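S.K.: Give me a 3D structure for the following:
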Amino acid sequence: MSPDAFNNLFSLLIGFAVAGALSSGYQAMVRQPAGFGLLQQGVVAQSFAAIPFLMFAAPFIIMRNTLLGPRLPEKPRRRAEFVMLATVLAGTWSMMSGTVLLMGLHAVGVIT
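M.R.: Residues are numbered from 1 along each chain as shown. Model prediction:
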């Protein structure tokens, strides 16, 4: 495996791990799952505070909604194309947020 491929895989995994940890921590504190509805509170401080949180938690939220959506009785099964598109979107988002996190850790000096 080339170093670039390994770096991309590591960024992807770190992005998903941080997204899951943020979403689980939010759910433990607030007792409801995190979602994109946090942005629909109007022009208040909570909406602006939700933006950085959702930037890093979005891959987990997208995959959770994609995988758990068909289990709801009022929704029909999702088509494979939409599941694939959501997976690619969440993976790309996770890789980008993981890259930002790794760059931040490298800038601070935690990793070399």
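S.K.: Let me see the contact set for the residue most central in space within the chain.
M.R.: Centrality entry for the chain: nearest residue to the mean C-alpha point is residue 59, 2.3 Å, by Cα atoms, centre = their mean. Contacts were defined as Cβ atoms under 8 Å, 6 or more residues apart in numbering; by that measure residue 59 touches 15-16, 19, 90-91, 93-94, 97. For the C-beta atoms, the positions are set from N, CA and C on the backbone; glycine is no exception.
S.K.: for this protein, which spans come out with low pLDDT?
M.R.: Low-confidence regions of the chain, defined by pLDDT under 70, span residues 70-76.
S.K.: So for the helix or strand in which residue 88 is found, what gets flagged as buried?
M.R.: Per DSSP states H and E: residue 88 is located in helix 80-108. If you call a residue buried by 16 or more other Cβ atoms under 10 Å, then helix 80-108 has these buried ones: 83, 86, 90-91, 93-95, 97-102.
S.K.: If you count contacts, what does that helix end up packed against?
M.R.: If you count contacts as 3 or more Cβ pairs under 8 Å, 6 or more residues apart in numbering; DSSP states H and E, helix 80-108 packs onto helix 3-30, helix 45-68.
S.K.: Could I get those helices in JSON lines, plus columns for distance to residue 37?
M.R.: As requested, those are exported to JSON lines (distance: least, Cβ to Cβ, whole Å):
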{"stretch": "helix 3-30", "distance to residue 37": "12"}
{"stretch": "helix 45-68", "distance to residue 37": "9"}
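S.K.: so which of those helices comes closest to residue 107?
M.R.: Nearest of the helices and strands packed on helix 80-108 to residue 107, taken as Cβ to Cβ: helix 3-30 at 15.0 Å.
S.K.: What helices and strands are in contact with that closest one?
M.R.: Taking 3+ Cβ pairs under 8 Å, 6+ apart as contact, the helices and strands that helix 3-30 lies on are helix 45-68, helix 80-108.
S.K.: Point out the one among the ones you listed that comes closest to residue 2.
M.R.: Of all those, it is helix 80-108 that lies closest to residue 2, at 15.7 Å by Cβ to Cβ.
S.K.: for the closest one, the distance to its chain's centre please.
M.R.: Average the C-alpha atoms of helix 80-108, do the same for its chain, and the two points are 7 Å apart (Cα atoms, centre = their mean, to the nearest Å).
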